[in-house]
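Enquirer: quick one, structure for this:
(chains A and B)
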2 protein chains.
Amino acid sequence: MSGDTKIAIVGSGLIGCAWAVSFARGGCTVVLFDQNDETTMHAPGRVRAIANQMETAGLLGGTTANGVAARVRVAGNLGDALDGAVHVQENVPEKLDVKRTVFSELDVLAPHDAVLASSTSALLPSAFTEHLKGRARCVVAHPINPPSLIPAVEVVPAPWSDPEIVERTAQLMERIGQTPIRMKREIDGFIMNRLQGALLQEAFRLVEQGIADPEDVDIGIREGLAPRWALVGPFETIDLNAPGGVRDYVDRYGGMYDTIAAGQRDNVDWRGPVLDRIDAARRAVVPLEEIPDAQARRDRRLIALMTHLRGASRDD
Amino acid sequence: MSGDTKIAIVGSGLIGCAWAVSFARGGCTVVLFDQNDETTMHAPGRVRAIANQMETAGLLGGTTANGVAARVRVAGNLGDALDGAVHVQENVPEKLDVKRTVFSELDVLAPHDAVLASSTSALLPSAFTEHLKGRARCVVAHPINPPSLIPAVEVVPAPWSDPEIVERTAQLMERIGQTPIRMKREIDGFIMNRLQGALLQEAFRLVEQGIADPEDVDIGIREGLAPRWALVGPFETIDLNAPGGVRDYVDRYGGMYDTIAAGQRDNVDWRGPVLDRIDAARRAVVPLEEIPDAQARRDRRLIALMTHLRGASRDD
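Expert: Numbers count the residues shown, from 1 in each chain, chains lettered A, B, ... in the order given. Just a heads-up that it's a prediction; the model follows:
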């Protein structure tokens, strides 16, 4: 991909800046815009900090932090940011009216053949693009934060999204080193938050029913199931856990999972007394004022882990 | 722990041999027994192969493969294996009548103060210990295979298990480098398979409803959610994903998860047409005859990942 693939980032907080590093690492020219002047002012420093961290971890591929920084600039106004862009990545606050207003502007101001992609995690693309003349070119491209580090990006069409636009977006993601998930249609929570929600629902249930403490649930995933999932995903996990593959696995263990599922039908009130117990357990480990330190520690370990996983995957 | 802590392993297939390495690594003396002579014959070679692999990966702690092998022997009969044991780890086939028969024998033949622990993943401890005179000393200690590599072990009491026995089992697990999950009471699937079942239920649903292909689900976990879960577990993940911790997270995103949960109430028939689609997708990637190679590749990568995670955790 040559440097004349121009990407406009609209909304330049943490997610926007991480996207900027990801696109620039992939060889794109990136222009950031934010309607908040202070956010805009901080963006180049944020981009540089993320790029430096990625360079140290060996996660910038064939480029350098200087190379990334050289391909990123901020724009003084939205029109300048959008001028010549082939892909617009929007990261404004998760409020429906804000998204609707911003997409109305983007549809008027962006080049007519640019893809308009939203980073939203919580809103369906149909909810803020139906009214647009160019609604066929609108999609969601939802990352797990930060996209500079975590490969998966959900590409979610509205009912009126042009399939060619969806595919172009997925291919752009592949070209910059992300791993696109090509969803067939929109659904609440997309794929990743639906899977996370299902897991959390059972996690809350186990604590509510007094079967386990919150830390026990975390141990079961952290030191039990997740290492394998981080290598091969849940379907490949069960496919490799029976001699005859997934069909054999369902034959052997389907009855056990039927019994389990029968006890998982009623939803738990996450805001009920169970939340007091989970909150108390977490605050005993990490007091509220130490959350930023715990986040920084998690981020350092996540960078090291992603470096390991990318290297291991290359070695195969 | 001194070498005079004697562990009896009853059932010496792959799981029994991995347990043997784990206990011997922790300094215990281990005696293996299997009523199948051929399995018994293969056990020392299996133990040696696992220990060598762990040594190469730097996962034997302060000992060596030779040191592990020196602490493990096979017994010619069950009485010899049990003589002087403080803990019996049973790994016979997952059939209720087999477990009942074996536990009846163990309760008669094992020293009266030995803990009798089953590795079962699918049977409740109450189902095969109720009839025993020594039922208070029976528990489940369920590993994720292989226990020599994956730390988490579910310690599951029957209603009549002595709490002191449960705690002794959990402490033994800690002393040999496993991470015990102290369950408050038994429940189908224990904790880990309940969590896995909840995630798989949604995975099957997404494919059945035509939202995503099986590989897309695997991407969402493998390259999206699981790396973070492998570091901090699902509760710590959400606790660190909002400035005010888990309470703040539920306040911000609880509504989204309520909406998601409303669409997750009906269970999917895993044996229906969805299984044909998942099976076809998997077989297109890994033909049936290549499953053993894919398992070996997964195991190599899992060893490397566990080495990374243990090292990273030490560095903090």
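Enquirer: which positions within stretch A:258-268 qualify as buried?
Expert: Under the neighbour-count criterion of 16 or more other C-beta atoms under 10 Å in any protein chain shown, stretch A:258-268 has A:260-261, A:264, A:268 buried. Backbone N, C-alpha and C define where each C-beta goes, glycine included.
Enquirer: let me fix that, I meant to ask about stretch A:9-20.
Expert: Neighbour-count burial for stretch A:9-20, counted by 16+ other C-beta under 10 Å, picks out A:9-13, A:15-20.
Enquirer: A:Ala20 should be in a helix, yeah?
Expert: Yes. When classified by DSSP: H, G, I helix; E, B strand; the rest coil, A:Ala20 is found to be part of a helix.
Enquirer: ok, back up a step: how about the buried residues of stretch A:9-20 in JSON lines, adding pLDDT and distance to chain B?
Expert: Converted to JSON lines, the buried residues of stretch A:9-20 look like this (pLDDT from 0 to 100; distance: C-beta to the nearest C-beta, whole Å):
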{"residue": "A:Ile9", "pLDDT": "98", "distance to chain B": "21"}
{"residue": "A:Val10", "pLDDT": "98", "distance to chain B": "22"}
{"residue": "A:Gly11", "pLDDT": "97", "distance to chain B": "18"}
{"residue": "A:Ser12", "pLDDT": "96", "distance to chain B": "20"}
{"residue": "A:Gly13", "pLDDT": "94", "distance to chain B": "14"}
{"residue": "A:Ile15", "pLDDT": "95", "distance to chain B": "13"}
{"residue": "A:Gly16", "pLDDT": "97", "distance to chain B": "18"}
{"residue": "A:Cys17", "pLDDT": "97", "distance to chain B": "18"}
{"residue": "A:Ala18", "pLDDT": "97", "distance to chain B": "15"}
{"residue": "A:Trp19", "pLDDT": "98", "distance to chain B": "16"}
{"residue": "A:Ala20", "pLDDT": "98", "distance to chain B": "20"}
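Enquirer: quickly check these for the two that are furthest apart.
Expert: Greatest spacing in the buried residues of stretch A:9-20, by C-beta to C-beta: A:Val10 and A:Ala18 (14.4 Å).
Enquirer: ok, A:Val207 - contacts?
Expert: When contacts are counted by C-beta atoms under 8 Å, 6 or more residues apart in numbering or on different chains, A:Val207 is found next to A:213-214, A:217, A:274, A:277-278.
Enquirer: among the buried residues of stretch A:9-20, which are located in strands?
Expert: Counting by DSSP state E, the buried residues of stretch A:9-20 place A:9-10 in strands.
Enquirer: I'd like the buried residues of stretch A:9-20 as JSON lines, with distance to A:Asp299 appended.
Expert: What follows is the buried residues of stretch A:9-20, written out as JSON lines (distance: C-beta to C-beta, whole Å):
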{"residue": "A:Ile9", "distance to A:Asp299": "21"}
{"residue": "A:Val10", "distance to A:Asp299": "25"}
{"residue": "A:Gly11", "distance to A:Asp299": "21"}
{"residue": "A:Ser12", "distance to A:Asp299": "20"}
{"residue": "A:Gly13", "distance to A:Asp299": "16"}
{"residue": "A:Ile15", "distance to A:Asp299": "14"}
{"residue": "A:Gly16", "distance to A:Asp299": "18"}
{"residue": "A:Cys17", "distance to A:Asp299": "14"}
{"residue": "A:Ala18", "distance to A:Asp299": "11"}
{"residue": "A:Trp19", "distance to A:Asp299": "17"}
{"residue": "A:Ala20", "distance to A:Asp299": "18"}
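Enquirer: contacting residues around A:Ile238?
Expert: A:246, A:249-250, A:253, B:200 are the contacts of A:Ile238 under C-beta under 8 Å, 6+ apart.
Enquirer: oops, could you answer that again for A:Leu60 instead?
Expert: Listed by C-beta under 8 Å, 6+ apart, the contact partners of A:Leu60 are A:25, A:51, A:54, A:67-68.
Enquirer: let's see that with 6 Å instead.
Expert: By C-beta atoms under 6 Å, 6 or more residues apart in numbering or on different chains, A:Leu60 lies in contact with A:25, A:54.
Enquirer: kindly report the same for A:Ile181.
Expert: A:154, A:191, B:216, B:219-220.
Enquirer: what's the pLDDT at it?
Expert: A:Ile181 is assigned a predicted lDDT (pLDDT) of 98.
Enquirer: intersect the contacts of A:Val207 with the contacts of chain B.
Expert: Contacts with chain B are made by A:214, A:217, A:278 out of the contacts of A:Val207, judged by C-beta under 6 Å from any C-beta of the partner chain.
Enquirer: what subset of these is buried?
Expert: Buried members of the ones next to chain B among the contacts of A:Val207, scored by 16+ other C-beta under 10 Å, are A:214, A:217, A:278.
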